[in-house]
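Enquirer: The sequence isn't on hand, but the structure is:
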């Protein structure tokens, strides 16, 4: 942010955007972009990066996912993907896994039963 402020101050003092970029060792397109952003919005601060930008797509189909789980509680993530794909909804096992984690749903299978001992072991 400090570099951005110094570049903007140099532009405000009458320096061209290209010469301000050369003075501070940045690309001219960067100085031009920062100044355009400031003229449009009044701020040249960087926008936030990262974060969840796509969970709303799968959240829109939460009712369908819940109803499929009620029908077949032991459905795997791959089977759930196929189930949604048949209804025209694109998803992946990782997006479904994150959906279930957000909603506190565990799809763990029942623990295996203990082996029966019908014969004598030697």
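Expert: Everything's here; your move. Because the structure is predicted, anything quoted here is derived from the model rather than measured.
Enquirer: Walk me through the domains of this structure.
Expert: Domain assignment for the chain by automatic domain parsing gives 2-41, 55-102.
Enquirer: Look at the longest one and report the distance between its end residues.
Expert: I take that to be domain 55-102. End-to-end distance for domain 55-102: 10 Å, by CA to CA, to the nearest Å.
Enquirer: correct me, but residue 84 touches residue 64?
Expert: Yes: Residue 84 is within contact range of residue 64, at 7.2 Å (criterion: CB atoms under 8 Å). Using the backbone N, CA and C atoms, a C-beta is placed for each residue, glycine as well.
Enquirer: Tell me which helix or strand in this structure has the weakest average pLDDT.
Expert: When the helices and strands of the chain are scored by mean pLDDT, DSSP states H and E, helix 55-59 comes last with a mean of 88.
Enquirer: which other helices and strands contact that helix?
Expert: helix 93-102 (3 or more CB pairs under 8 Å, 6 or more residues apart in numbering; DSSP states H and E).
Enquirer: neighbouring contacts of the helix it packs on?
Expert: 54-55, 57-59, 62, 65, 77-78, 80-81, 106-107 (CB atoms under 8 Å, 6 or more residues apart in numbering).
Enquirer: ok, back up a step: ok, residue 84 and residue 64, which is more surrounded?
Expert: residue 84 (20 against 14; other CB atoms under 10 Å).
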